[in-house]
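Undergrad: With the input below, show me the fold.
(chains A and B)
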Amino acid sequence: MAGSGKGRGRAAFTFNIEAIGFAKGETLPEVAFKPPPLFPPTDFKPVPLKMGEEEDYMLALKQEFRASMKKMPYFMQKEDENQGIEKYSKKYLQMRKESMEWTPAGGKMKKAKVATPKSNVDVLKKIEELEKKGDEEKSDEEKEKEKDKEGEEEEEEAGNEQEEYDEEDHEEENDYIASYFEDGDDFGAGSDDNMDEATY
Amino acid sequence: MTQAEIKLCSLLLQEHFGEIVEKIGTHLIKTGSQPLRVIANDTGMSLDQVKKALCVLIQHNLVTYQLQKRGFVEYEASCSRVLRILRYPRYIYTAKTLYSDMGELIVEELLLNGKMTMSVVVRKVVNRLTETMEDGKTMDYGEVSNTFVRLADTHFIQRCPMAPETTETLDAPPPPVPTLVVNEKDMYVVPNLNLIGKGKRRRSFDDEDNGEHKAKRQKQDADSKEPPPDDGIYWQTNIDRFHQHFRDQAIVSAVANRMDQIFRSLPAGYNIVKQILDQYLTLLADDPLEFVGKSGDSGGGMYVINLHKALATLATATLESIVQERFGSRCARIFRLLLRKKHLEQKQVEDFAMIPAKEAKDMLYKMLSENFVSLQEIPKTPDHAPSRTFYLYAVNTLSSARMLLHWCYKSVANLIERRQYETKENKRLLEKSQRVEAILASMQATGAEEMQLQEIEEMITAPERQQLENLKRNVNKIDASENQVDETIFVLESYIESTVKKL
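TA: Predicted structure coming up:
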């Protein structure tokens, strides 16, 4: 019953092979024993490229664009390892590149500088507040933050981020969970039954 | 993001922005949104480098940032936007056809720099145009400004979102991230600038009188001290609008090819007599392509362009042509047959296509193995016995389109890699030829004799020259291929997008 097809021991398919189009008893195509070749031979040559004025112009545009991008200050070159002989011209090329350094939103720099006296006030206020908490680490952080503000926008974010992360660290240093004492409700008052040990 | 897309993005970033930006950009594309420190940790780069790279990417509209609920900022890269870099030459060329050289240069400057203020763009374009003009002539700011305004009016360029104007309060610390808002109404509003002046040519030091040069420099310094009146109003190219234009162009040219004779006989201008117009519209509406449909009779007949259908037809035509080029015209016939009849059995395919059974079977299987056609089982009995099951062949255009799009990305990535390989192989020769050209140019400028020039030219031997020519030809071919694959990418992407978004 199980698996006995037309002839005993002969390979048979579970379905009628005519349904897919092979005639009965016909030689079936070979089975592949290895992955297909990396560059299979193609029967047809590819169609030639479109030629014309438009295409030529776009080609020129593309190559010029690429060349211009390489010269822009946005192109950040990785420092090449010394290629053996150091070229004399390299020194002068470097100087020229550095003079073209780009900073984003150049106008913002001025605003940031104007803001620093104000932020100083900020910072001082914060330092006072934090000294009440008795934390010296914070003031160092704030000074760093002030330096960062003189730089770019993102540095500001990073400074704040640093502050964020350090704040969390700072919070975890003491065992108090800050949220418990925020509202001023006597959270722990009810359970203060002269019990020094934790309840189980 | 498929592997092919990520690979292509990384190659494009590397070619246009350098390796550092490429590393960070690729990392962001692979991992989604991440905060600054995590990026620095994962890529192993210094915080400084990461910040600078992020600045560059944000400037070019490739990365956005968002303040998360927990208070830190996450950066996210847009893979599809990076892939648009392939299409930049097409945008610039379109601007040229619509707004001539000035439009071309404006769009090119905006694409090179990502975001720019109007005054800076106009100044740069004017200077560039002045350099190409004859000695003594300079370009006027007015014309370029006008072109800028026209580009904004037709929405080809738009305003970038800007930080809202907040009153400086002393107590509140500035937010970690500026929330940029863009007012819909103001997106295309051009600021009132009184840009007067003429272009400046970049002069070499020999031409200038010392005194004159000093005076000019002082004046320039004075100009740069006061902030330009449109400080903070940045512009960027509106890529979607360009895509709309390409799509419209494609549909128009497709219909034109169809109605070739009629279009040729159309009189110039819109002075078409009503009756003839009626006839044409009816013809278009009745055309089996179904680009134009009649949606009612009000006002003498309401006609509408069926965009979904049009895009689908364009994509299908692309598919058909690909099948034809890959497998031959007989396969293409079978493919078109399946497209028309949706589902067919093996026997029916042979009959309708009028191709002998053996060949038809062979072709169907070839296409099936490459996933251009699919096989659907329809059982007649609940036990799915193969002898009592229908096997139907069908073509699923959407999935084929997606597969081909993936192939296209892979092809472009391969092309770019091959081009870089070719260039790297001949790097030494290229450098040598560049040096020789520089020497030649400087010698010609200082007036050298013919003999000396020839000597220098002979520094590059004839076989080397041949090699250089081959290299140039190959690189040009590969570059042109990339451009043309991008055209296919555009058609397929538009089609897939139109099926996803139900507008």
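
Undergrad: so how many other residues sit close to B:Leu392?
TA: 18 (other Cβ atoms under 10 Å in any protein chain shown). C-beta coordinates here come from the backbone N, C-alpha and C atoms, glycine included.

Undergrad: Give the bridge partners for it, please.
TA: B:Glu345, B:Gln376 (DSSP bridges).

Undergrad: That one against B:Ile378, yeah?
TA: Yes: between B:Leu392 and B:Ile378 there is a contact under Cβ atoms under 8 Å: 6.3 Å.

Undergrad: Skip the chain neighbours and tell me the closest residue to B:Thr313.
TA: Leaving aside its sequence neighbours, B:Thr313 sits nearest to B:Leu289 (Cβ to Cβ, 6 or more residues apart in numbering or on different chains; 5.9 Å).

Undergrad: Distance check, that neighbour against B:Ala310.
TA: Computed as Cβ to Cβ, to the nearest Å, the B:Leu289 to B:Ala310 distance reads 8 Å.

Undergrad: show me the contacts for B:Glu457.
TA: B:436, B:440 (Cβ atoms under 8 Å, 6 or more residues apart in numbering or on different chains).

Undergrad: A strand includes the residue nearest to B:Thr313, no?
TA: No: going by DSSP: H, G, I helix; E, B strand; the rest coil, the assignment for B:Leu289 is coil, not a strand.

Undergrad: how close does it get to B:Ser498?
TA: Taking Cβ to Cβ, one finds B:Leu289 at 16 Å from B:Ser498.

Undergrad: where does the stretch 101-250 of chain B dip in pLDDT?
TA: Applying pLDDT under 70 to the stretch 101-250 of chain B flags residues B:136, B:164-179, B:181-182, B:184, B:193-230.

Undergrad: tell me the strands in it, going along the chain?
TA: If DSSP state E, counting those that start in this stretch is used as the criterion, the strands of the stretch 101-250 of chain B fall at B:116-117, B:157-159, B:234-237.

Undergrad: Mind giving me the packing neighbours of the shortest one?
TA: Which is strand B:116-117. Judged by 3 or more Cβ pairs under 8 Å, 6 or more residues apart in numbering or on different chains; DSSP states H and E, strand B:116-117 is in contact with strand B:234-237.

Undergrad: In chain B, what residue comes closest to chain A?
TA: B:Pro386 (2.1 Å; Cβ to the nearest Cβ).

Undergrad: That residue: neighbouring residues, count only.
TA: Other residues lying near B:Pro386 total 15 when counted by other Cβ under 10 Å.

Undergrad: give me phi/psi at it?
TA: The phi/psi pair for B:Pro386 (degrees, to the nearest 10) reads phi -60, psi -30.

Undergrad: Model confidence for it, exactly?
TA: We note a pLDDT of 77 for B:Pro386 in this prediction.

Undergrad: And for the one 4 residues further on?
TA: The model reports B:Phe390 with a pLDDT of 87.

Undergrad: Can you report how many residues lie near the residue nearest to B:Thr313?
TA: When neighbours are counted by other Cβ under 10 Å, B:Leu289 comes out with 15.

Undergrad: Repeat that for A:Met69.
TA: Neighbours of A:Met69 (other Cβ under 10 Å): 19.

Undergrad: for the residue nearest to the spatial centre of chain B, phi and psi?
TA: Centroid check for chain B by Cα atoms, centre = their mean gives B:Arg87 as the closest residue, at 1.9 Å. With angles defined as degrees, to the nearest 10, B:Arg87 sits at phi -100, psi 0.

Undergrad: any idea how far B:Cys55 is from it?
TA: Noted for B:Arg87: a distance of 24 Å to B:Cys55, by Cβ to Cβ.

Undergrad: Then A:Pro40?
TA: For A:Pro40 relative to B:Cys55 (Cβ to Cβ), the value is 46 Å.

Undergrad: and if you look at B:Pro379?
TA: In terms of Cβ to Cβ, B:Pro379 sits 61 Å off from B:Cys55.

Undergrad: Compare neighbour counts for these two and give me the winner.
TA: Using other Cβ under 10 Å, the more surrounded residue of B:Pro379 and B:Cys55 is B:Cys55, with 21 against 12.

Undergrad: Pull up the gap between the more buried one and B:Tyr141, please.
TA: Taking Cβ to Cβ, one finds B:Cys55 at 30 Å from B:Tyr141.

Undergrad: Buried residues of stretch B:45-61, list them for me.
TA: By neighbour count on 16 or more other Cβ atoms under 10 Å in any protein chain shown, the buried set for stretch B:45-61 is B:45, B:47, B:49-61.

Undergrad: likewise stretch B:115-132?
TA: B:115-119, B:121-130.
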